[in-house]
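Colleague: Show me how the following folds:
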Amino acid sequence: QVQLVESGGGLVQAGASLRLSCEASGRTSSGYFAGWFRQAPGKEREFVATIGWSRGTTSYADSVKGRFTVSRENAKNTVYLQMDSLKPEDTAVYYCAAGALVGSRRANEYQYWGQGTQVTVSS
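Modeller: Numbers count the residues shown, from 1 in each chain. Next up, the predicted model:
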């Protein structure tokens, strides 16, 4: 089992930055991929970014490419999501996920999920 704990969400104005953290504990594996997803009210959960624990291979949704950066710190079993130039449409609950065998954009490919952290961007 892997437990994931997100932190770093909050309320910011448009154009500001936030950094989300996701600390993994339990039976983590450097061979797997971690990802970030988000879900806005009334909408389906959508892919944001993914990163491989071992090589750091990344992929982003088009809506965040160039503004968000995913990274990891293997020694701390932690994945980060640096969010810059935030827009009101980025408002959502952000979830960390882990345990995918590949850098998938599909939520059902990930075995483990955090509880989510709220990000609210005001205009």
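Colleague: From here on, just use CA atoms for contacts and neighbour counts.
Modeller: Will do.
Colleague: Run through this structure and note the low-pLDDT ranges.
Modeller: Applying pLDDT under 70 to the chain flags residues 28-31.
Colleague: Pick out the residue nearest the middle of it.
Modeller: In the chain, the residue lying closest to the centroid (CA atoms, centre = their mean) is residue 36, at 2.4 Å.
Colleague: Now that one: which helix or strand?
Modeller: Per DSSP states H and E, residue 36 falls inside strand 33-39.
Colleague: Sheet-wise, list the partners of that strand with their directions.
Modeller: strand 46-52 (antiparallel), strand 92-100 (antiparallel) (DSSP bridges).
Colleague: Rebuild those strands as a markdown table, extending it with distance to residue 69 and mean neighbour count.
Modeller: Shown next, in a markdown table, are the strands paired with strand 33-39 (distance: least, CA to CA, whole Å; neighbours: other CA atoms under 10 Å):
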| stretch | distance to residue 69 | mean neighbour count |
| --- | --- | --- |
| strand 46-52 | 8 | 24 |
| strand 92-100 | 14 | 25 |
